[in-house]
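Engineer: Predicted coordinates and the sequence they were generated for:
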2 protein chains.
Amino acid sequence: MKTLIVVAHPKLVESGTQQFLKMSLKTSQDVTWHVLEKNSISLNVAAEQKLLQSHDRIIFQFPLYWYSAPALLKHWEDEVLTRNFVYGAGQSLQGKELGIVVSTGDAKQGFSAGGSENYTLSELLKPYQALALKAGMKYLSPFSIFQFAYLTEPEKQRLLVNYQQYVTNPNFNTFHGRELWLEQQLEQKAAASTKPQQLQQILAVIRDNRENLEELKWTLGMIKDDEDE
Amino acid sequence: MKTLIVVAHPKLVESGTQQFLKMSLKTSQDVTWHVLEKNSISLNVAAEQKLLQSHDRIIFQFPLYWYSAPALLKHWEDEVLTRNFVYGAGQSLQGKELGIVVSTGDAKQGFSAGGSENYTLSELLKPYQALALKAGMKYLSPFSIFQFAYLTEPEKQRLLVNYQQYVTNPNFNTFHGRELWLEQQLEQKAAASTKPQQLQQILAVIRDNRENLEELKWTLGMIKDDEDE
């Protein structure tokens, strides 16, 4: 799976969140970090469209400005996502995935009825969901980062792993998918390590746990089937 | 009531809808037609903020591009609507009204669950509603124009009157408010006419109708009150 991260931040270098997210990603052939330049009046539309076509998961990554992406991303959408490319003769994005990585300086609890922002992020990001549906793309549950500056170190570590999964794991939204992804990461780490024994032991424990869990699930399924009869 | 229309259309001169809307408005001291220029990298933020402060009803007028305003308007929002101006120390927009005039090439029935656009305009325009709430403004029910090019002449006439009311009538959303506005318009027309007799007759009929209606309403109210007792 190849992922394209379209990064739209007018003050990218000053953004602690964006720098942290960039550092979280290992350099890999499967992830393209694509920064939208400010004042890019003349976008190369053909090149941008080609870039989109050569990836499977497209991620719009931006800070929330007035309940939407910065103008930078909207300009790119207006120019690059031509009618023909998206839903005319082309349908060039059909079957791909659209994800949103959105950061905000407001607290999570503000985004609810009666909260300081009044609406949920799911409601506010509807235009992107509508775009995905129109393009025949699968809309991924948005990945939101609230008040990054106030996160503790353990919270940042969790954010890092979750973000890596959102970007690189085809099945980041199921427990089974997350587990398999973790196993893969450990295998890679073990293979590259000079002292892989400890990692191999951790891997063995995780695999045992997973097998136990699968057995339990199978038993539970049997019981439910019995009840249905 | 003073109204500011913030017009955001990248191809303004070519837009039949925008030209029609502009022609619909009589030149008046109470309505400001404010066109956002393309490539306005360096907006005069102070001047824009002053303009907003000197009006009571602010209208964002734009064609729907990817389920939102063109980048032109988002750029203006991102630059002009600073935190301090809107909800910090300033709260400069509090008590004003925010209206949206949105045109789209898609048919009305597309904007619903299961329709070609999947969501209603009320859902898609949530970011503007959230902005209004944050700024302490009253959010007006959006004024939408579907497939202008296909409208018949009588439909265009109705659009014209409805648009005039959305821009200039403080109470455009009640029957009583619309009626009073219409009477005012006829009075002005009669005062400026060399042969006002016919207009005066029409006015007399409308007033009679209104009085009859008010009497009926009063009677209806009495009956309901009786039922409640």
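Structural biologist: That came in fine, so what should we check first?
Engineer: Would you mind listing what in chain A touches chain B?
Structural biologist: Contacts of chain A with chain B, taken as Cβ under 8 Å from any Cβ of the partner chain, map to A:10, A:39, A:41, A:65-72, A:74-75, A:77-78, A:81, A:116-119, A:123-124, A:126-127, A:129-131, A:133-134. Every C-beta, even on glycine, is put in place using the N, C-alpha and C of the backbone.
Engineer: if you set the cut-off to 7 Å instead, what comes out?
Structural biologist: Contacts of chain A with chain B, taken as Cβ under 7 Å from any Cβ of the partner chain, map to A:39, A:41, A:65-68, A:70-71, A:74-75, A:77-78, A:81, A:117-119, A:123-124, A:126-127, A:130-131, A:133.
Engineer: Mark which of these are part of helices, please.
Structural biologist: A:71, A:74-75, A:77-78, A:123-124, A:126-127, A:130-131, A:133 (DSSP state H).
Engineer: Look up how far chain B lies from the residue nearest to the spatial centre of chain A.
Structural biologist: For chain A, the residue sitting closest to the mean C-alpha position, by Cα atoms, centre = their mean, is A:Tyr166 at 3.4 Å. Between A:Tyr166 and chain B the computed distance is 23 Å (Cβ to the nearest Cβ, to the nearest Å).
Engineer: which stretches of chain A form strands?
Structural biologist: Assigned by DSSP state E, chain A shows strands spanning A:3-7, A:31-35, A:57-63, A:97-104, A:138-139, A:143-146.
Engineer: Now those in a markdown table, please, with extra columns for distance to B:Ser54, mean pLDDT and mean neighbour count.
Structural biologist: Shown next, in a markdown table, are these (distance: least, Cβ to Cβ, whole Å; pLDDT from 0 to 100; neighbours: other Cβ atoms under 10 Å in any protein chain shown):
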| stretch | distance to B:Ser54 | mean pLDDT | mean neighbour count |
| --- | --- | --- | --- |
| strand A:3-7 | 38 | 98 | 22 |
| strand A:31-35 | 39 | 96 | 16 |
| strand A:57-63 | 31 | 98 | 23 |
| strand A:97-104 | 31 | 98 | 21 |
| strand A:138-139 | 42 | 98 | 14 |
| strand A:143-146 | 36 | 98 | 18 |
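Engineer: Save those strands as a markdown table, and put in distance to B:Gly105 too.
Structural biologist: Formatted as a markdown table, the strands of chain A follow (distance: least, Cβ to Cβ, whole Å):
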| stretch | distance to B:Gly105 |
| --- | --- |
| strand A:3-7 | 25 |
| strand A:31-35 | 29 |
| strand A:57-63 | 24 |
| strand A:97-104 | 22 |
| strand A:138-139 | 23 |
| strand A:143-146 | 32 |
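Engineer: closest one to A:Gly90 among these?
Structural biologist: Taking Cβ to Cβ, strand A:57-63 is the member of the strands of chain A nearest to A:Gly90, at 15.2 Å.
Engineer: Direction included, what does the closest one pair up with?
Structural biologist: Paired strands of strand A:57-63, with direction, are strand A:3-7 (parallel), strand A:97-104 (parallel) (DSSP bridges).
Engineer: outside of that strand, which residues touch it?
Structural biologist: For strand A:57-63, contacts defined as Cβ atoms under 7 Å, 6 or more residues apart in numbering or on different chains pick out A:1, A:3-9, A:52, A:69-70, A:73, A:96-104, A:128, A:167.
Engineer: which regions of chain A sit below the pLDDT cut-off?
Structural biologist: Filtered on pLDDT under 70, chain A yields the residue ranges A:39-41.
Engineer: quick check: domain ranges of chain A?
Structural biologist: Per automatic domain parsing, the structural domains of chain A span A:3-173, A:174-229.
Engineer: Looking at the ones you listed, spot the one closest to B:Leu25.
Structural biologist: Of all the domains of chain A, domain A:3-173 comes closest under Cβ to Cβ, at 26.9 Å.
Engineer: A:Gln18 versus the closest residue in space to A:Ala69 that isn't next to it in sequence, what's the distance?
Structural biologist: Nearest non-adjacent residue to A:Ala69, counting by Cβ to Cβ, 6 or more residues apart in numbering or on different chains: A:Phe62, 4.4 Å away. Distance of A:Phe62 to A:Gln18, given as Cβ to Cβ, to the nearest Å: 9 Å.
Engineer: intersection of neighbour lists for those two?
Structural biologist: In contact with both A:Phe62 and A:Gln18: A:His9, using Cβ under 7 Å, 6+ apart.
Engineer: on contacts alone, who are the packing partners of the longest helix seen in chain A?
Structural biologist: Secondary structure of chain A read by DSSP H shows that its longest helix is helix A:197-228. For helix A:197-228, the packing partners by 3 or more Cβ pairs under 7 Å, 6 or more residues apart in numbering or on different chains; DSSP states H and E come out as helix A:175-192.
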